[in-house]
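# Build me a model from this:
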Amino acid sequence: MKILETKRLYLRELRLDDKKELMKVLSNPKSMEFYPHPFSEKEVEKWINWNINNYKKYKHGLWAVILKEGDIFIGDCGITMQEIDDESLPEIGFHIINDYCNKGFATEAALACKEYAFNVLQYPRIFSYTILRNIPSQKVAKKLGMEVYKYFEKNDEKQIAHVAVNC
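Below is the predicted model:
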């Protein structure tokens, strides 16, 4: 079932049979440069199950990002509840397979998630946070119209959080 649709993409719930494709991003050292380590196969499976549980608990999570042309799995994007400086806040996150990076897909999917957060979920604010040295994700946040919310420490690393307010 499609959750969101854009000009080039659609987002649907992740399934366990997405594991092989999702591993192309979550197990890739380059893609996971800003995480403690690339995910093992077992960690990718846990990631999918965590999102399946989030769909039930929050009515959102990270969804599979599918390129309409060719019906190709290119990553995940969505809304999860994240601890940002000791506050549980709705956050847009994404992971795109390297072959599909720098083509605007992360921004396109994240923008659809921002609108979903405001118009469907009725969140007054939506956040994005990343490790301070992750400049590409900060650029996406700015393209979403987000502004710097705060700097904080998490896992012994400086983080930056951005926010967009539903006007």
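# Name all residues that make contact with Asp121.
Heads up, residue 121 is Leu, not Asp. By CB atoms under 8 Å, 6 or more residues apart in numbering, Leu121 lies in contact with 59-60, 79, 90. Backbone N, C-alpha and C define where each C-beta goes, glycine included.
# ah, wrong one, I meant Glu13
Here Glu13 is in contact with 1, 3, 51-52, 55, 61, 63-64 (criterion: CB under 8 Å, 6+ apart).
# As a markdown table, the residues you listed with distance to Leu11 and pLDDT would be great.
Shown next, in a markdown table, are these (distance: CB to CB, whole Å; pLDDT from 0 to 100):
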| residue | distance to Leu11 | pLDDT |
| --- | --- | --- |
| Met1 | 10 | 82 |
| Ile3 | 5 | 97 |
| Asn51 | 12 | 98 |
| Ile52 | 15 | 98 |
| Tyr55 | 12 | 98 |
| Gly61 | 11 | 98 |
| Trp63 | 4 | 99 |
| Ala64 | 7 | 99 |
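# Which two of the residues you listed have the greatest separation?
The span of the contacts of Glu13, defined through CB to CB, is set by Met1 and Asn51 at 14.5 Å.
# With neighbour numbers in mind, choose between the two.
Using other CB atoms under 10 Å as the criterion, Met1 and Asn51 rank with Asn51 on top: 22 against 5.
# for the residue nearest the centre of the chain, helix, strand, or coil?
Central residue of the chain (CA atoms, centre = their mean): Gly93, 2.0 Å from the mean position. Assigned by DSSP: H, G, I helix; E, B strand; the rest coil, the conformation of Gly93 is strand.
# how close does it sit to Ile48?
14 Å (CB to CB, to the nearest Å).
# filter the contacts of Leu121 to the buried ones?
60, 79, 90 (16 or more other CB atoms under 10 Å).
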